[in-house]
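# Need a 3D model of the following:
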Amino acid sequence: MCDDYFTVAESGELCLKPGTMGLRQVFYYSTPGTYTFRKASYPWLARVRVKVQGAGGGSAGANADTNEAIARPGGTGGAYGESLINASALGTTETIIVGAGGTAGGASSDGDDGGASQFGGFINAPGGYGGTSNMPSGTTANTSAGINGPNARTGNFRAGGGASGASIRLNGGFAVAGVGGDSMLGTGGRGRTTEGNGDSPRGSGGGAGGGLSFGGDIDGGTGGNGIVIIELYG
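Purely as a prediction, here's the structure:
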């Protein structure tokens, strides 16, 4: 079946047919920022598979009064999109955007939303939502609900960001902060039971775990950065 893969050029050279070479290169864009993909740099290109992960949301901090407690929910995971794109559909250049993880909230402020990641006009994956700071300081039982994650806007395959976990206070000395939401390419930060800043996520696009205060001035956690992965097929 050689003619499925090879052809003879007018010059007499034996050449591979376009689109039969399979996977040739993979690029990982994991540092937040803006980049440019240039199709002309790969004259053999037949198609690209692009995986786009939005950044995770940050979580809120806390500052409980002495001998009281505040537990915060986590930030949500970022959305995800994926597409297989023929080279003929690509523009001369395509803009790549990698979203930054949402920053941690201070003692009494919400966490920030994560940044969206994008590949041209083909895939847009919003960042996760920041965790809230709506539990008051106290010693009585209380809860603070987690948040649903965002939906991906475009892409052949789309998945929303994972919801963050709720936080629970039993009394002034026992409480649990909420976990961060998972993403397709990362896991959220843990829900802590000891006083401290929000826990960091693992991988790409996970939400931060919530902060927990038993009287200290506590920050939230920072969400995971997004990532864009481009597979080049010849």
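# List phi and psi for residue 39.
Note on residue 39: its backbone torsions stand at phi -60, psi -40 [degrees, to the nearest 10].
# who are the neighbours in contact with it?
Residue 39 makes contact with 45, 87, 90, 91, 92, 93, 94, according to CB atoms under 8 Å, 6 or more residues apart in numbering. To be clear about C-beta, it is placed using only N, CA and C from the backbone, and glycine gets the same treatment.
# and if you look at residue 36?
The neighbours of residue 36, taking CB under 8 Å, 6+ apart as the test, are 93, 94, 95, 96.
# ok but it is inside a strand, no?
Yes. Per DSSP: H, G, I helix; E, B strand; the rest coil, residue 36 lies within a strand segment.
# That one and residue 92, how far apart?
Using CB to CB, to the nearest Å, residue 36 is found at 10 Å from residue 92.
# Could you do residue 59 as well?
From residue 59 across to residue 92, the span is 41 Å (CB to CB).
# Neighbour count: these two, which is higher?
residue 59 (45 against 8; other CB atoms under 10 Å).
# got the buried residues for stretch 144-164?
144, 146-147, 149-150, 152, 154-155, 158-164 (16 or more other CB atoms under 10 Å).
# let me fix that: stretch 163-171
For stretch 163-171, by 16+ other CB under 10 Å, it's 163, 164, 165, 166, 167, 168, 169.
# I'd like those residues as a markdown table, with pLDDT appended.
Formatted as a markdown table, the buried residues of stretch 163-171 follow (pLDDT from 0 to 100):
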| residue | pLDDT |
| --- | --- |
| 163 | 98 |
| 164 | 98 |
| 165 | 98 |
| 166 | 98 |
| 167 | 98 |
| 168 | 98 |
| 169 | 98 |
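# Closest one to residue 64 out of the residues you listed, please.
Distance ranking of the buried residues of stretch 163-171 against residue 64, using CB to CB, places residue 169 first at 9.3 Å.
# Residue ranges in this protein under the pLDDT threshold?
Applying pLDDT under 70 to the chain flags residues 1-9, 12-19.
# So for it, the centremost residue is which one?
Centroid-nearest residue in the chain, with CA atoms, centre = their mean: residue 205, separated by 2.0 Å.
# ok, now which ones touch the closest residue to it other than its chain neighbours?
Nearest non-adjacent residue to residue 205, counting by CB to CB, 6 or more residues apart in numbering: residue 183, 3.3 Å away. For residue 183, the contact set (CB under 8 Å, 6+ apart) comprises 53-54, 56, 77-80, 128, 161-162, 203-207, 224.
# can you check residue 35 too?
Per CB under 8 Å, 6+ apart, neighbours of residue 35: 29, 95, 96, 97, 98.
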